[in-house]
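[1] would you be able to build a 3D model of this:
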Amino acid sequence: MWPRLDPLLQRYPELKIEISADYRMVDIDADRYDIGVRWGNQVERDMIAVRMTAEQPMVIVASPGYLAVRGVPCTSQDLLRHNCITLRPTSGGGICGWALEHKGRKTEAKVTGQTVFTSVYPMLQAALSGHALVFVTADLARRHVEAGRLVSVMQEWCPLFPGLHACYSRRRNPTRALTVVIEALREPLTSL
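    Residues are numbered from 1 along each chain as shown. The predicted structure follows:
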């Protein structure tokens with residue numbers, strides 16, 4: 001979001017933006033947020049959604065050192081014998097399983113490991129340190145894979161997530177400020 005908002009704030013110095021980064025599914029209307037950012041499959045029906053990104057491929061990655069010691073997993077069953085870094089949304093509840101897909105068949109791998117995080121950035125750092133496997137978006141891991149710090153495994157098991165969307169309530173009349181922010185967040189036509 002920031003690369004899209006930075007020029008906007010420079011162009012409109014009177015514009016004020018407050019960003020709350022959290023993985024819980026807040027009620028955008030009830031909690032009085034102007035905009036929420038959600039994966040496409042998480043946008044509620046009563047929201048207007050504006051695509052921010054194309055579909056996002058997921059990856060399972062680990063450090064070369066971890067794979068040298070623990071081996072390379074090839075199936076979802078193999079993951080159950082590995083140390084996997086997991087995510088628990090800050091809203092509470094259970095640990096997120098890894099939503100995998102192989103040959104058109106979807107499965108949720110109930111992986112476990114020594115660490116549970118509430119944010120993907122420390123999860124990635126733990127993987128970089130050789131701690132375990134992690135399941136994140138390809139964009140997040142790309143530079144580390146390209147540099148050889150992480151290795152992608154089980155590519156044929158990793159699905160596409162439906163892209164990020166900025167969403168806002170149909171019940172509110174959009175202000176000029178909201179309209180300007182939504183347009184800044186909208187996916188550029190060149191990447192569609």
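[2] number of nearby residues for Gln114?
    11 (other Cβ atoms under 10 Å). In this view, the C-beta of every residue, glycine as well, is placed from N, C-alpha and C.
[3] wasn't it part of a strand?
    No - secondary structure assignment places Gln114 outside any strand; it is coil (DSSP: H, G, I helix; E, B strand; the rest coil).
[4] which ones are touching it?
    Residues counted as contacts of Gln114 (Cβ atoms under 8 Å, 6 or more residues apart in numbering) are 83, 131-132.
[5] out of everything not next to it in sequence, what's closest to the spatially most central residue of the chain?
    The structure's the chain has its C-alpha centroid closest to Thr137; by Cα atoms, centre = their mean the separation is 5.9 Å. Of all residues not flanking Thr137 in the chain, Gln56 sits nearest, at 4.7 Å (Cβ to Cβ, 6 or more residues apart in numbering).
[6] that neighbour touches Gly163, doesn't it?
    Yes - with contact defined as Cβ atoms under 8 Å, Gln56 reaches Gly163; the gap is 6.0 Å.
[7] residue contacts, Thr86?
    With contacts defined as Cβ under 8 Å, 6+ apart, Thr86 is in contact with 95-96, 111-113, 115-117.
[8] pairing partners for the least confident helix or strand in the chain by mean pLDDT, with directions?
    Across the helices and strands of the chain, mean confidence by mean pLDDT, DSSP states H and E is lowest for strand 36-39: a mean of 77. Sheet partners assigned to strand 36-39 using DSSP bridges are listed as strand 164-169 (antiparallel).
[9] which helix or strand contains Thr107?
    strand 105-109 (DSSP states H and E).
[10] what is the next helix or strand after that strand packed up against?
    With elements assigned by DSSP H and E, the helix or strand that comes after strand 105-109 is strand 116-117. Taking 3 or more Cβ pairs under 8 Å, 6 or more residues apart in numbering; DSSP states H and E as the contact definition, the neighbouring helices and strands of strand 116-117 are strand 86-87.
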